[in-house]
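In: Sequence and predicted structure are below.
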Amino acid sequence: MGAVVGTLTMQTKQRRPSRDKTEDELEMTTVCHRPEGLDQLEAQTNFTKQELQILYRGFKNECPSGVVNEETFKHIYAQFFPHGDASTYAHYLFNAFDTTNNGSIKFKDFVMGLSTLLRGTLREKLEWTFHLYDINRDGYINREEMTEIVRAIYDMMGKYTYPAIKGDVPQQHVDAFFQKMDKNKDGVVTLEEFVVACQEDETMMRSMQLFENVM
Amino acid sequence: MAAGVATWLPFARAAAVGWLPLAKKTMPKPPVDNSSRSDEILYVNVSGVRFQTWKNTLDRYPDTLLGSSEKEFFFNEETQEYFFDRDPEMFRHILNFYRTGKLHYPRYECIQAFDEELAFYGIVPEIIGDCCMEEYRDRKKENQERLAEDSEANEGTDAPLPPDSTSRERLWRAFENPHTSTMALVFYYVTGFFIAVSVIANVVETVPCRPPKGSVKDLPCGEKYQLAFFCMDTACVLIFTFEYLMRLFAAPSRCKFMRSVMSVIDVVAIMPYYIGLVMPENEDVSGAFVTLRVFRVFRIFKFSRHSQGLRILGYTLKSCASELGFLLFSLTMAIIIFATVMFYAEKGTKGSTFTSIPASFWYTIVTMTTLGYGDMVPNTIAGKIFGSICSLSGVLVIALPVPVIVSNFSRIYHQNQRADKMRAQQKVRLARIRMAKKGTTNAFLQYKEDRGLGLLRESDSSGFLRKRRKHSDRDSDSTALCVKNRSAFEHQHHHLLHCLEKTTNHEFTDEGTYSELCMTDSVGFRTSRSTSLSSQQGAQNNSTGCCPRRARRRAAIRLANSTVSVSRGSVQELDTLHLKTTSIPAQTRSSLNAQGVNLKLNCGEQDFSAAIISIPTPPANTPDESLPPSPVPIPGILRNTRATTFTHETVKISSL
């Protein structure tokens, strides 16, 4: 008797994985994330209700399912930079926005990132930039990471530039950057070093001011 | 860039903050964005159906009507909405384009209506989404082809020749469209007859006739009546040669004509005869000459000029060239495969008819097309098996491309049918237009009668109009067309025609009135005409001298006649006009001899009206200029130029 029940349960157990597979497939096709309420988002970000509404309408129009995956993100970003190859930089940018690290940007991530960049304090902006450069999220920017980022940025320029990119311009750029940022010359840049160096940089501070009114 | 990307632009710009630490130079100043960030709902009223949308949605495509400031022209201040007097069903699709970024083409809509809507809203059709693009392109191409066909049909056959065409052009026209003149039709039928005669003679030549006296063997008729057949052949070839040379002369582009299929067929059909004439009666060469006679059968292809169906067939085969090629290729492959197999299967048997692979080709073809003559039959079991596979596959291979060819033929045939139907409909349409024009003329004349206006009424000495009214009862169909309750438009139109009459000091009238007036005026008119008719000036002086008022009236009538009778506006009327004037010579000569009143004489002399018309205006004007260009729909006034071309004919007559 027990054996019969045992075999019966075993059979149902065996059947379940296939059912799970179909359920998974169903889930993937109809996944639809909804953001938290408008009030909560307003509390968490520095945007007004109207601005959030406008942002969400645009976002929902583009991504009816409520999430942006990396492919779509790369495609969108590539449209802004048709001359060169924006896919590498878009990848890093995607990771910077995807704070939850689950491979997709939801509206909340999108709006939080925008809020930091446009309405955040100087410190918050610099922290965000640091996280963008710190690819492996270990809290330090080393030469390799920096070189990656700079190369990705130069890739976006494309082939036809004036003056033409000759030699290893990205490398030189990275060297100059490390010269400026790495105070204790240990080969890595920490968050504090980064923030201090940026605040000392006049050019950068002026540029930051200009970006206040983007949105 | 797609509009949706615009949504992400602020995000991309914000992300530019990430470049700042790396930048060596200061960033440029961002553009000032004065537009209010808040969004508003716009109301768009399209023929009563109210659509609402965000302003941002419409702003996505700034180079369209709705996205630019052009929509302000349609803004209704009272209702605070944009009003468009267009189709709301179509507008739905247009608005969806703004919302989703993809333009869809609704399959049930007419392609032209859709195109017009797109043009109105300033949207280029190229952005139709991939889902609907194919359908859109197919239907657009079909529509364009149809329009091209129709315009070709319009210009082709029924359009009258321009009067200044050379004889060469006229000849070419007669060849291409035999229905235009009787001569051409006669020639067309004659050549057809001779083609038939030639082909039949070729066929009958080979039939065995009773042998002549003193011989047992049956002779073919060609050898028995050699002279008769030779004469017939000569006659046919002469006709064909003549026709070919005439066509060559008349062709607008001789090189193109010589390269065309029909001309090649013509040449091939008549060449053997000439080669036969040239070649000597040599025993060796005559063998080759006999082979050449085979080409005479190509004369039968000359029938394709006479038969529409044959042309369609030829055209179908040409357009199905790729399918035919495929059929041929696949058949060849199958034949080679099966022939090889059969040969090797039957190789062992004694006395086998499958002597070689090429010999087996014949068996394969006969089997695959299910002919089965039975002259070659497999004897081995393997041979029989492969033979049956061969016959089964043959049916399949041949059946595959045939439906494609059939559907092509059906499509082309229906296109032709449609062209014929269009031509028939065109005639009905023209008749309707003519009726409508007649209706407007009659309406105007009725209007004048009712108002008691017009020179005609004033100068009616012979109680003519009383008679005229009797005639008008008969004219029931035209009065039926008259609109009794005149609309504001008609009032204004009639006023315009009246203004024109006042300007030219002539009147509109109709054919009946004109011909009757002719009758009453014939005598007096003729006497004033008999002197110095060689110049228009002379005619003018005479008429002005004797009876200026009457002359003007007559001129009015004549103008009116040429106006009205030609206002029917088609080739037919022109032809009748032409015939009227050409029929005059016989009558006028007899009338001069008879010294009687000849009604037709004056009615035919419309050409003189051109001369007389110049009276009211300074004599320096040419007849053409004396008539002010009018926007009136009655085109007859322009026809006077044609009337003047007949001047020289009637001048000659009268001077007799």
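Out: Cool, got the structure.

In: Chain A: strands as residue ranges?
Out: Taking DSSP state E, the strands of chain A run over residues A:67-69, A:104-106, A:140-142, A:188-190.

In: which strands and helices sit next to the third one?
Out: Counting contacts by 3 or more C-beta pairs under 8 Å, 6 or more residues apart in numbering or on different chains; DSSP states H and E, strand A:140-142 packs against strand A:188-190. (Glycine included, C-beta is placed from N, CA and C.)

In: So the strand it packs on, near chain B or not?
Out: No. Counting by C-beta under 8 Å from any C-beta of the partner chain, chain B is not contacted by strand A:188-190; separation bottoms out at 9.8 Å.

In: and the helix or strand where residue B:420 lies, what other elements does it pack with?
Out: Secondary structure assignment for residue B:420, by DSSP states H and E: helix B:402-451. Other elements packing on helix B:402-451 under the criterion 3+ C-beta pairs under 8 Å, 6+ apart are helix B:130-156, helix B:308-319, helix B:321-346, helix B:476-481, helix B:488-504.

In: Kindly present the ones you listed as JSON lines, with separate columns for distance to chain A.
Out: Formatted as JSON lines, those follow (distance: least, C-beta to the nearest C-beta, whole Å):
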{"stretch": "helix B:130-156", "distance to chain A": "16"}
{"stretch": "helix B:308-319", "distance to chain A": "43"}
{"stretch": "helix B:321-346", "distance to chain A": "39"}
{"stretch": "helix B:476-481", "distance to chain A": "59"}
{"stretch": "helix B:488-504", "distance to chain A": "50"}
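
In: sorry, back to before: so which of the strands of chain A gets nearest residue B:83?
Out: Closest of the strands of chain A to residue B:83 is strand A:67-69, at 38.8 Å (criterion: C-beta to C-beta).

In: before we move on, the earlier item: mean neighbour count, the helices and strands packed on helix B:402-451: which tops it?
Out: Ranked by mean neighbour count, the helices and strands packed on helix B:402-451 are led by helix B:321-346 with a mean of 16 (mean count of other C-beta atoms under 10 Å in any protein chain shown).

In: what's that one packed up against?
Out: helix B:357-368, helix B:381-399, helix B:402-451.

In: ok, 7 Å please
Out: The contact analysis (3 or more C-beta pairs under 7 Å, 6 or more residues apart in numbering or on different chains; DSSP states H and E) places helix B:321-346 against helix B:357-368, helix B:381-399.

In: Let me know the pLDDT of residue B:51.
Out: For residue B:51, the pLDDT comes out at 92.

In: Next: residue B:153.
Out: pLDDT for residue B:153: 62.

In: How about the one 10 residues further on?
Out: Here the pLDDT value assigned to residue B:163 is 64.

In: And the helices and strands packed on helix B:321-346: which comes nearest residue A:40?
Out: Using C-beta to C-beta, the helices and strands packed on helix B:321-346 put helix B:381-399 closest to residue A:40, at 69.8 Å.

In: Now that closest one: buried residues?
Out: B:383, B:386-387, B:390-391, B:394, B:397-398 (16 or more other C-beta atoms under 10 Å in any protein chain shown).

In: So in terms of bridging, what pairs with the closest residue to residue B:86 other than its chain neighbours?
Out: The shortest distance from residue B:86 to any non-neighbouring residue, by C-beta to C-beta, 6 or more residues apart in numbering or on different chains, is to residue B:46 (5.8 Å). Taking DSSP bridges as the rule, residue B:46 bridges to residue B:49, residue B:84.

In: Next, the contact list for residue B:46, please.
Out: Counting by C-beta atoms under 7 Å, 6 or more residues apart in numbering or on different chains, residue B:46 touches B:84, B:86, B:88, B:91.

In: Let me know the closest of the residues you listed to residue B:271.
Out: For these, the closest approach to residue B:271 (C-beta to C-beta) belongs to residue B:86, at 65.0 Å.

In: I'd guessed that closest one sits against residue B:47; true?
Out: Yes. Using C-beta atoms under 7 Å, residue B:86 is in contact with residue B:47, at 6.5 Å.

In: More neighbours: which of the two?
Out: Set side by side, residue B:86 and residue B:47 show more neighbours around residue B:86, with 15 against 12, by other C-beta atoms under 10 Å in any protein chain shown.

In: Now do the SS call for that one.
Out: coil (DSSP: H, G, I helix; E, B strand; the rest coil).

In: Now do the same for it: its pLDDT.
Out: 90.

In: From residue B:50, how far off is it?
Out: Look at residue B:86 and residue B:50: by C-beta to C-beta, to the nearest Å, they are 14 Å apart.

In: which residues does residue B:296 contact?
Out: By C-beta under 7 Å, 6+ apart, the contact set of residue B:296 is B:202, B:269, B:272.

In: residues in contact with residue A:146?
Out: A:133, A:174, A:177.

In: out of those, who's near chain B?
Out: residue A:177 (C-beta under 7 Å from any C-beta of the partner chain).

In: ok, so of the contacts of residue A:146, who is nearest chain B?
Out: residue A:177 (6.2 Å; C-beta to the nearest C-beta).

In: okay but that closest one is in contact with residue B:23, surely?
Out: No. Between residue A:177 and residue B:23 there is no contact under C-beta under 7 Å: 10.3 Å.

In: do you know how far the residue nearest to residue A:190 when sequence neighbours are not counted is from chain B?
Out: Nearest non-adjacent residue to residue A:190, counting by C-beta to C-beta, 6+ apart: residue A:140, 6.0 Å away. Going from residue A:140 to chain B by C-beta to the nearest C-beta, to the nearest Å gives 15 Å.

In: Next, the contact list for residue A:140, please.
Out: A:134, A:188-190.

In: Close to chain A: what parts of chain B are there?
Out: Checking chain B against chain A by C-beta under 7 Å from any C-beta, the hits are B:1, B:4-5, B:7-8, B:10-15, B:17-23, B:25-27, B:29-30, B:37-39.

In: List buried residues within those residues.
Out: B:4-5, B:7-8, B:10-15, B:17-22, B:27, B:39.

In: From those residues, which land in helices?
Out: B:4-5, B:7-8, B:10-15 (DSSP state H).

In: ChimeraX command for the buried members of the contacts of residue B:46?
Out: Of these, the buried ones go into a single ChimeraX selection, burial set by 16+ other C-beta under 10 Å:
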select /B:84,91
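
In: and of the contacts of residue B:46, the nearest to chain A?
Out: Distances from chain A to the contacts of residue B:46, taken by C-beta to the nearest C-beta, are shortest for residue B:91, at 19.8 Å.

In: Thanks again, I'm all set now.
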